[in-house]
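*Asks:* sequence and computational prediction follow.
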Amino acid sequence: MGPLQGFKIIEVAGIGPTQFCGMLLADMGASVIRVVRPGEPDVGIGPPAKFNLMNRSRPAIAVDLKSSAGIETVLKLCDTADALFEGFRPGVMERLGIGPDACRQRNSRLVFGRMTGWGQDGPLADSAGHDGNYAALSGALAAIGQKDAGPTIPLNLVADFGGGGAYLAMGILAALLEASRSGEGQIVDAAMVDGAASLMTLFYGMHAGGLWRDRRGSNFLDGAAPFYRTYRTSDEKFVVVCAIEPRFFAELLNTLEITEISPQDQFDQAKWQTQGQMFETKFAARTRDAWCDIFAGKDACFAPVLSLAEAPQHAHNKARNTFVDVEGVIQPGPAPRFSRTESRVSCAPNEPATNHQEVLINWGFTKDEIRDFQSAGAFGSE
């Protein structure tokens, strides 16, 4: 199942972006094996394992990376793998003995993916950080939030998952595609600060062209424009309108029965405050569901703002199976969709395997090899 069926990928387990990358690749059918530390809680949100959703669709084995037998286990996995990826600080994998040179010496076709916050080089390469730090240095964080307030942390979507895990997965897939032609693997240096900056390309272009003010809450895509903003409804819920194009803005005005605003004044920033106040008054007069009924079938770029509990129940999401139920846990399904090679959640997250035999045999190990590695302490004390 999935377009990546047949590809074998090693994930040296980490939190956040590497987890997300592993989930994406595994959901698309790659045979991913997660290498975790023995005797320690699995990475992620903690027990129980079934809620560690980004660990789904792939098995995990506990390997002692401080033992020579554990290192040799990973190197043997590399012999038949298409890719390996990790999320340690620069130099850690080299010190362990499983850096890109050591792994690619065993298999020159291997793609070696590296996920860091700051990249493999540069003044901050060895510094600690998290999503907000990388988003801050990319310019993204300063642009998000209300005009007269501090920057708003956009969950950890910008650097961890968007600029990190998704870019790492894209880089690995691009390198795998190139390796299929050249016969040689390569290193993928995926830095969250680079990815977050890449996500900001549109805004840097507008800023250079004089179309974007370098002050949050002052532009047509950051909440300043009344036609691209959230509004509170009478039941203390919210809706969002994103009527950028003139015809959608005109439809928004018609649906709200606002005649005091001329469609030609849409981009007149001097009138945005007054227009916004009119929209606020209108939306505050009805409940969110009432507005959903009124806007049904209208091309006004309107949507209710749904909570995590509400989103899986929306008719559109249900029709597309955007969310799936895996062993009683509702979660987002695989994305994107493929017409012929369907992606799916192949298994729920689970605890790392204590019996490594089945997992490793699927990777080409013999029973004797597994027994020898186990006797040498490759999997810790079991």
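*Replies:* In hand now; what should we look at?
*Asks:* let's check: the centremost residue of this structure is which one?
*Replies:* Nearest residue to the geometric centre of the chain (CA atoms, centre = their mean): F161, 3.0 Å.
*Asks:* so what's it closest to, chain neighbours aside?
*Replies:* Leaving aside its chain neighbours, F161 sits nearest to F20 (5.1 Å; criterion: CB to CB, 6 or more residues apart in numbering). Quick note: C-beta positions are derived from backbone N, CA and C, even for glycine.
*Asks:* could you say which helix or strand holds that neighbour?
*Replies:* Using DSSP states H and E, F20 falls within helix 17-27.
*Asks:* which residues touch that helix?
*Replies:* Outside helix 17-27, the residues that touch it by CB atoms under 8 Å, 6 or more residues apart in numbering are 2, 4, 7, 9, 11-13, 32, 34, 43-44, 53-58, 85-87, 113, 115, 160-161, 164-166, 168-169, 172, 190, 192, 334, 343-346.
*Asks:* next up, the contacts around the residue nearest to the centre of the chain.
*Replies:* By CB under 8 Å, 6+ apart, the contact set of F161 is G16, P17, F20.
*Asks:* okay, the closest residue in space to T287 that isn't next to it in sequence and A284: tell me how far apart.
*Replies:* Spatial nearest neighbour of T287, chain neighbours left out: D235 (4.3 Å); criterion: CB to CB, 6+ apart. Remark: distance between D235 and A284 (CB to CB, to the nearest Å) = 10 Å.
*Asks:* repeat that for S138.
*Replies:* Taking CB to CB, one finds S138 at 36 Å from A284.
*Asks:* try A128
*Replies:* For A128, the distance to A284 equals 45 Å [CB to CB].
*Asks:* A174 now?
*Replies:* 48 Å.
*Asks:* can you pull out the helices in the stretch 51-200 of the chain?
*Replies:* Applying DSSP state H, counting those that start in this stretch to the stretch 51-200 of the chain gives helices spanning 68-80, 92-96, 100-106, 131-138, 167-182, 192-199.
*Asks:* nearest to M28, of those helices?
*Replies:* Closest to M28 of those is helix 167-182 (CB to CB; 8.8 Å).
*Asks:* who touches that closest one?
*Replies:* The contact list for helix 167-182, computed with CB under 8 Å, 6+ apart, reads 7, 9, 17-18, 20-21, 24-25, 82-83, 85, 109, 111, 113, 115, 185-186, 188, 190, 194-195, 198.
*Asks:* make it 6 Å
*Replies:* Outside helix 167-182, the residues that touch it by CB atoms under 6 Å, 6 or more residues apart in numbering are 21, 24-25, 82-83, 109, 111, 113, 115, 185-186, 188, 190, 195.
*Asks:* likewise stretch 145-160?
*Replies:* By CB under 6 Å, 6+ apart, the surrounding residues in contact with stretch 145-160 are 16-17, 131-132, 134-135, 140-142, 144, 192, 196, 216-218.
*Asks:* V188 and L110 touch, don't they?
*Replies:* No - counting by CB atoms under 6 Å, V188 does not reach L110; the two are 11.1 Å apart.
*Asks:* for Q277, which residues are in contact?
*Replies:* The contact partners of Q277, taken as CB under 6 Å, 6+ apart, number zero.
*Asks:* tell me the domain ranges of this protein?
*Replies:* Domain assignment for the chain by automatic domain parsing gives 8-199+324-375, 228-232+238-304.
*Asks:* of all those domains, which one is nearest A315?
*Replies:* Nearest to A315 among the domains of the chain is domain 228-232+238-304; the distance by CB to CB comes to 10.3 Å.
*Asks:* where does this protein dip in pLDDT?
*Replies:* Along the chain, the model assigns pLDDT under 70 to residues 40-47, 354, 381-382.
*Asks:* now the strands: where do they sit in it?
*Replies:* 8-12, 31-36, 60-62, 83-86, 111-116, 187-191, 228-232, 238-242, 302-304, 323-326, 329-332 (DSSP state E).
*Asks:* format these as TSV; extra columns: mean neighbour count.
*Replies:* Output for the strands of the chain, formatted as TSV (neighbours: other CB atoms under 10 Å):
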stretch	mean neighbour count
strand 8-12	24
strand 31-36	24
strand 60-62	23
strand 83-86	26
strand 111-116	26
strand 187-191	22
strand 228-232	17
strand 238-242	18
strand 302-304	18
strand 323-326	15
strand 329-332	14
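*Asks:* could I get those strands as JSON lines with distance to K271?
*Replies:* Formatted as JSON lines, the strands of the chain follow (distance: least, CB to CB, whole Å):
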{"stretch": "strand 8-12", "distance to K271": "53"}
{"stretch": "strand 31-36", "distance to K271": "53"}
{"stretch": "strand 60-62", "distance to K271": "57"}
{"stretch": "strand 83-86", "distance to K271": "51"}
{"stretch": "strand 111-116", "distance to K271": "46"}
{"stretch": "strand 187-191", "distance to K271": "42"}
{"stretch": "strand 228-232", "distance to K271": "14"}
{"stretch": "strand 238-242", "distance to K271": "16"}
{"stretch": "strand 302-304", "distance to K271": "21"}
{"stretch": "strand 323-326", "distance to K271": "40"}
{"stretch": "strand 329-332", "distance to K271": "39"}
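*Asks:* measure E184 to E94 for me?
*Replies:* From E184 to E94 the distance is 20 Å (CB to CB).
*Asks:* show me where the stretch 201-350 of the chain has helices.
*Replies:* With helices called from DSSP H, counting those that start in this stretch, the stretch 201-350 of the chain shows them at 201-208, 246-256, 272-283, 288-295, 315-320.
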